[in-house]
Every structure is written in C-alpha cells, then in structure tokens.
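*Asks:* structure here, sequence nowhere to be found:
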Ligand SMILES: [Zn+2]
C-alpha cells in the first residue's frame with residue numbers, strides 16, 4: 001500500500017512538518033503548572049485560564065517497558081500487518097512534565113534510564129484508504 005496522504009492521529013497533541021515537531025501542552029499563568037496533553041483547568045490550583053504552549057522537543061528517559069501485545073484504540077495496525085512488540089516509556093521534559101510515549105528504538109538493550117531523548121513524528125499505521133497516520137514518539141537523541 002502506498003500512502004497517498006497523511007494525517008495526525010490527534011492534531012491537538014502535537015505539531016508536525018512543515019512545522020517543527022513539538023508536543024502541545026498547557027501552562028497555568030497563575031501557578032506555572034505545565035500539563036501534557038492540554039487541559040482546560042489547572043490540576044494544581046484549579047485555575048481555569050490555562051495557556052496553550054509548545055513543549056521542548058528533548059527530554060530524559062524516565063522509565064520504559066516492552067509492549068508485547070496490541071493496545072486498544074487508537075492504536076491500530078495497517079491492513080495486513082501483524083503486531084510487533086514495541087517499547088513504551090515515560091520521558092521527562094525540562095518543562096516539568098512526564099510524557100507517556102512510544103519509543104522509536106525497539107531494542108530495550110539500547111535504552112537506559114536517564115538517557116537523552118528527542119521527539120520525532122513517525123508513521124503509526126496506514127488507513128484502509130491509504131492515508132498514513134502519524135503519531136509522536138521519542139528516540140534516543142542523536143549526538144550533537
Ligand atoms: Zn495553576
């Protein structure tokens with residue numbers, strides 16, 4: 001199947017090319033609490049004036065686990081594809097938020113807690129009509 005178009009699995013969660021890939025969160029102007037995903041109300045002070053912000057694209061691997069069986073929706077497989085185990089983890093961003101995320105590196109032996117990670121936008125599956133569905137993931141940061 002050749003992808004004829006692309007869409008984001010959830011346009012509220014992240015930005016994608018041609019924009020720089022960033023997660024979209026919110027910040028409370030009253031107390032400074034930062035959330036991902038966006039929230040209407042502040043989980044810390046109950047304020048309701050949360051501002052939309054883009055979060056940093058780099059973070060630190062907090063913990064990870066191998067997902068050995070298919071997840072519920074919205075995780076899907078391309079037509080005809082078979083499930084492959086993948087790595088799920090938590091990445092701590094400098095903004096002070098912990099993000100549950102797919103990890104692009106599928107070999108847990110190449111991961112270690114505390115390593116630098118960076119955001120990327122990756123194809124998750126292909127819809128029946130050939131639309132490639134994109135999601136966000138974190139990969140070990142390239143040496144800079
Ligand atoms: Zn607050």
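*Replies:* Alright, I've got the coordinates. In this text the structure is predicted, and so the values were computed from the model without any measurement. Numbering: from 1, shown residues only.
*Asks:* alpha carbons only for contacts and neighbour counts from here, please
*Replies:* Will do.
*Asks:* for the nearest residue to residue 48 once chain neighbours are set aside, what are phi and psi?
*Replies:* Nearest non-adjacent residue to residue 48, counting by CA to CA, 6 or more residues apart in numbering: residue 41, 4.4 Å away. Dihedral pair for residue 41: phi -110, psi 150, per degrees, to the nearest 10.
*Asks:* pull the number of nearby residues for residue 41.
*Replies:* When neighbours are defined as other CA atoms under 10 Å, residue 41 has 17 of them.
*Asks:* got it, and residue 38?
*Replies:* Residues contacting residue 38 under the criterion other CA under 10 Å number 19.
*Asks:* ok, the one 5 residues further on next?
*Replies:* By the criterion of other CA under 10 Å, residue 43 has 13 neighbours.
*Asks:* pretty sure the residue nearest to residue 48 contacts residue 51?
*Replies:* No. Assessed by CA atoms under 8 Å, residue 41 is found out of contact with residue 51, at 9.9 Å.
*Asks:* wait, isn't residue 123 in contact with residue 137?
*Replies:* No. Contact between residue 123 and residue 137 fails when scored by CA under 8 Å: they sit 9.7 Å apart.
*Asks:* looking at those two, which one has more neighbours?
*Replies:* Between residue 123 and residue 137, residue 137 has the larger neighbour count (other CA under 10 Å), namely 22 against 15.
*Asks:* so what's that one bridging to?
*Replies:* residue 102, residue 120 (DSSP bridges).
*Asks:* list the contacts for it?
*Replies:* 101, 102, 103, 104, 119, 120, 121, 122 (CA atoms under 8 Å, 6 or more residues apart in numbering).
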